[in-house]
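Enquirer: mind looking at a prediction? Sequence and model below.
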Amino acid sequence: MHEIERKWLWVILAVAVLLRVGVALYLGDEIDAPPLLTDQRSYHALGQRLLAGHGFSFATNWYPFTLANTPTAHWSFLYSLFVAAVYAIFGPHPLAVRLVQAVLGGLLLPWMVYRLARQVFPGKAALHLVAAAIAAGYGYYMLYAATLMTETAYICLLLWSLEVGMRIGMRLRAGNKVCGRDVVWLGVSLGLAALSRQSILPWVPVLFLWLLWQARRGRVFAGAFRSLVLSGLILVALILPWTYRNYRAYGQFLLLNSNTGYAMYSAQHPMHGSRFSEFAAAPLPEDMARGNEAQMDRELLRRGLAFVLEDPWRYLLLCLSRVRAYLECWPTPDTTLLHNIGRVGSFGVFLPFMLYGLWRTLRDRDSLQRNALLLLFAVFYSVMHILTWAMVRYRLPVDAVCLPFAALGVRDLYVRGRTWLVPRRASVVARVTGGRQ
């Protein structure tokens, strides 16, 4: 990295931190600010319970099905521990978590977008910095960096795994041996991301299969397979302690979190009809026993799949309606002003630049080959949520992956506009001066 590029990157990171700290101070020490992000109350409560020695549990009956003083696995273990650690130092103040996360998110998320852009557009420093600058000022990233939710950490870890995956894929495609450090970092990044949000787990087999395909093209399949086995073992090693904890708590197997079943059940529930309402929570079945989350997770998953099989046509229409919920980038009357500003000031502004940058990438064979992994992730992750439960916040990881392409769109349109304006300006000056210099 050149000295000028490094200085500009630090300026961008500093601005990102200041913007997020400003949002954190605006939201203050109230746990219900902003009011629609209700997951904050759960992590606030879990942080306090962990500090008090009660483990992962709640003092009262809790959404969606956790009984008072019973073990829960519904929420991210890693993020709950992070909140508890901040509370242990500064006391149970949501503002403390907001500020710590605002600083960390302001530094890490634009930096990870910058690193990813270096893989997407090698040697093009201007595009790297533009991508980081967009991430620094992206409205929703500023909002979620100041809230007690997993978004910021999860997106940073996901970008890390994709950056490492692209680097490994490039080496395999060229027939080279994979760097041992990258093998370790791939497993670590995927494992930590899964502990932040387990929705990354369906993507892991797709990623590994893609890397093996690159290895087959480079004729290094056997070595790549051994490397990916090691990455997979590291991923399993990070999850396994929590699987053991769940078995001790419930007497049954539960890989990580107990939210898959409820998400599938609630999102496909007949109460939606054929139009999905992303903020509507389906009531639990009256005939289902409460208390054992591992058992409830499996039963709710079974019932959710039964909704699909009972009326496939309604499910298809429901999925089509989720496209709107997933891509929503306009202000809505049922959303707070802060959320409307964040939504429009992020995806609403940069979607045209993303699409233009993606179009430019698809036209270039070398660029398409280099960035196929990111395009595969964007499609897979989007389809996964449209088929299950879709809302704007679940699209934010895909937004981050597309920011380098938005940077290409911004940079290219700027250059084209400048090229178009300069001759016209010279022509106007010539007409005004009569050609005299």
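Expert: That came through fine. As the structure is a computational prediction, the values presented were derived from the model and not from experiment.

Enquirer: so how many other residues sit close to residue 290?
Expert: Neighbour count for residue 290, taken as other CB atoms under 10 Å: 13. Where you see a C-beta, it was placed from the backbone N, CA and C, and this is true even at glycine.

Enquirer: show me the contacts for it.
Expert: The neighbours of residue 290, taking CB atoms under 8 Å, 6 or more residues apart in numbering as the test, are 65, 67, 284, 296.

Enquirer: separation between it and residue 262?
Expert: Distance of residue 290 to residue 262, computed by CB to CB, to the nearest Å: 12 Å.

Enquirer: so what sits against both of those two?
Expert: Common neighbours of residue 290 and residue 262 (CB under 8 Å, 6+ apart) are 65, 296.

Enquirer: how about low-confidence regions in the stretch 1-150 of the chain?
Expert: 1, 36-37 (pLDDT under 70).

Enquirer: where do the helices sit along it?
Expert: With DSSP state H, counting those that start in this stretch applied, the stretch 1-150 of the chain shows helices at 3-27, 39-51, 77-90, 94-120, 125-137, 139-145, listed in chain order.

Enquirer: re earlier: now rank the contacts of residue 290 by neighbours and give me the top one.
Expert: Neighbour counts for these (other CB under 10 Å) peak at residue 296, which has 25 neighbours.

Enquirer: do I have it right that that one meets residue 260?
Expert: No. Look at residue 296 against residue 260 with CB atoms under 8 Å: they stay out of range, at 11.1 Å.

Enquirer: need the helices of the stretch 1-150 of the chain in TSV with distance to residue 268 and mean neighbour count, can you?
Expert: Shown next, in TSV, are the helices of the stretch 1-150 of the chain (distance: least, CB to CB, whole Å; neighbours: other CB atoms under 10 Å):
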stretch	distance to residue 268	mean neighbour count
helix 3-27	34	17
helix 39-51	21	20
helix 77-90	27	18
helix 94-120	32	23
helix 125-137	34	24
helix 139-145	26	25
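
Enquirer: which of these sits closest to residue 253?
Expert: Among those, the nearest to residue 253 by CB to CB is helix 77-90 (16.5 Å).

Enquirer: which residues touch residue 325?
Expert: By CB under 8 Å, 6+ apart, the contact list for residue 325 reads 276, 278, 390, 391, 392.

Enquirer: name the SS class of it, please.
Expert: Following DSSP: H, G, I helix; E, B strand; the rest coil, we place residue 325 in the helix state.

Enquirer: would you check how far apart it and residue 276 are?
Expert: Applying CB to CB, the value for residue 325 to residue 276 is 6 Å.

Enquirer: shared neighbours, these two?
Expert: Common contacts of residue 325 and residue 276, defined by CB under 8 Å, 6+ apart, comprise residue 390.

Enquirer: and the strand or helix carrying residue 265, how far from the chain's centre?
Expert: Per DSSP states H and E, residue 265 falls inside helix 260-267. How far helix 260-267 lies from its chain's middle: 19 Å, per CA atoms, centre = their mean, to the nearest Å.

Enquirer: other SSEs contacting it?
Expert: Contacts defined by 3 or more CB pairs under 8 Å, 6 or more residues apart in numbering; DSSP states H and E place helix 260-267 against helix 293-310.

Enquirer: which residues touch residue 39?
Expert: Shown in contact with residue 39 (CB under 8 Å, 6+ apart): 75, 148, 149.

Enquirer: the first one - nearest residue in space that isn't next to it in sequence?
Expert: Closest residue to residue 75 in three dimensions, ignoring its sequence neighbours and counting by CB to CB, 6 or more residues apart in numbering: residue 42, at 5.5 Å.

Enquirer: hang on, isn't the one you found packed against residue 72?
Expert: No. In terms of CB under 8 Å, residue 42 does not count as a neighbour of residue 72; the distance is 9.0 Å.

Enquirer: shared neighbours of these two, which are they?
Expert: Common contacts of residue 42 and residue 72, defined by CB under 8 Å, 6+ apart, comprise 58, 62.

Enquirer: tally of neighbours for the residue nearest to residue 386 when sequence neighbours are not counted?
Expert: Spatially, and ignoring its direct neighbours in sequence, residue 386 is nearest to residue 322 (4.9 Å; CB to CB, 6+ apart). Look at residue 322: counted by other CB under 10 Å, it has 23 neighbours.

Enquirer: same check, this time on residue 186
Expert: Residues near residue 186, counting by other CB under 10 Å, number 30.

Enquirer: how about residue 201?
Expert: Neighbour count of residue 201, defined by other CB under 10 Å: 17.

Enquirer: try residue 382
Expert: Neighbour tally, residue 382, other CB under 10 Å: 18.

Enquirer: and the gap between it and residue 308?
Expert: For residue 382 relative to residue 308 (CB to CB), the value is 19 Å.

Enquirer: got it, and residue 158?
Expert: The gap separating residue 158 from residue 308 is 27 Å, by CB to CB.

Enquirer: those two: which is more packed in?
Expert: residue 158 (26 against 16).

Enquirer: now do the contacts for that one.
Expert: 189, 193, 200, 397, 400.

Enquirer: hmm, residue 382 and the residue nearest to residue 386 touching each other?
Expert: No. Using CB under 8 Å, residue 322 makes no contact with residue 382, being 10.2 Å away.

Enquirer: mutual contacts of those two, please.
Expert: Counting by CB under 8 Å, 6+ apart, nothing touches both residue 322 and residue 382.

Enquirer: which of the helices or strands spans the residue nearest to residue 386?
Expert: Per DSSP H and E, residue 322 falls inside helix 312-327.

Enquirer: residue 271: neighbouring residues, count only.
Expert: When neighbours are counted by other CB under 10 Å, residue 271 registers 11.

Enquirer: that one touches residue 280, doesn't it?
Expert: Yes. Judged on CB under 8 Å, residue 271 makes contact with residue 280 at a distance of 6.7 Å.
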